[in-house]
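Trainee: What shape does this take:
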Amino acid sequence: MRTAAYIRVSSKAQTLDMQRDAIARAARARGDTIATWYSEKQSAKTIARPVLTQLRTDARAGHVRRLYVYRLDRLARSGILDTFDLVEELQNSGCELLTVADGFDLTGPAAEVILAVMAWAAKMERLAIKERIAAARVRLESEGRSWGRPPRLTPLERSRIAELRRQGATIREISVAVRVPRATVARSLSQKVPLKSAPGRPARKRAARAAQK
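Mentor: Below is the predicted model of the structure:
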């Protein structure tokens, strides 16, 4: 069984020594030796952190069977939802998670109760997020504003892009002229814009059809 530890602080000015010492003592008390230390100095506002990502990859591959952390908030501080998802992911990968300073054991008799509470809290957080999103959408629509990201180009800019292209301009030249990224220009050109009928054209078509009858 490969035993590892994950330690984290939020800023480069902080030290990892306290967490490392506490985990080393706890591991020795259980007869474990930490084979790999995963350490990083990153904020836990997001779980998309390089070292944590590597740890998750290794755990999924079966390389980490027991993981020590000082506290669960060293893994995530962006809400109970992220924390629960990480714990569940590690356990589903066959990785036993041990916390040193939280005061509870995720592998003991009370583990199921603790995880059930965490799952319930995560579900409540999901519902709260959905409710906030729904409320924000209703508010925007009641104010006459559209939901979602605003379009990158105005109809006038799209028309100008199409006209410049018809005149033989390259995507780079159009990008400079309209002052938008080349990727935006290319995306606009790839979208089909319905052509407007010339004034009087439908009437002429109807007249021609009537004359044939």
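
Trainee: Pull up the gap between the residue most central in space within the chain and Arg74, please.
Mentor: Closest residue to the average C-alpha location of the chain: Ala48 at 7.7 Å, with C-alpha atoms, centre = their mean. In this view, Ala48 and Arg74 are 16 Å apart by C-beta to C-beta, to the nearest Å. Glycine gets a C-beta too; all of them are placed from N, C-alpha and C.

Trainee: One more: Ala186?
Mentor: Ala186 is 44 Å from Arg74, where distance means C-beta to C-beta.

Trainee: Can you pick out the residue with more neighbours from the two?
Mentor: Of the pair Ala186 and Arg74, Arg74 is the one with more neighbours under other C-beta atoms under 10 Å, namely 21 against 13.

Trainee: Distance of that one relative to Ala24?
Mentor: Distance, Arg74 to Ala24, using C-beta to C-beta: 15 Å.

Trainee: try Thr15
Mentor: Taking C-beta to C-beta as the measure, Thr15 falls 15 Å from Ala24.

Trainee: neighbour count winner among these two?
Mentor: Summary of the neighbour comparison: Thr15 and Ala24, criterion other C-beta under 10 Å, with Ala24 having more neighbours (17 against 10).

Trainee: is it true that that one touches Ile34?
Mentor: Yes: judged on C-beta atoms under 8 Å, Ala24 makes contact with Ile34 at a distance of 6.5 Å.
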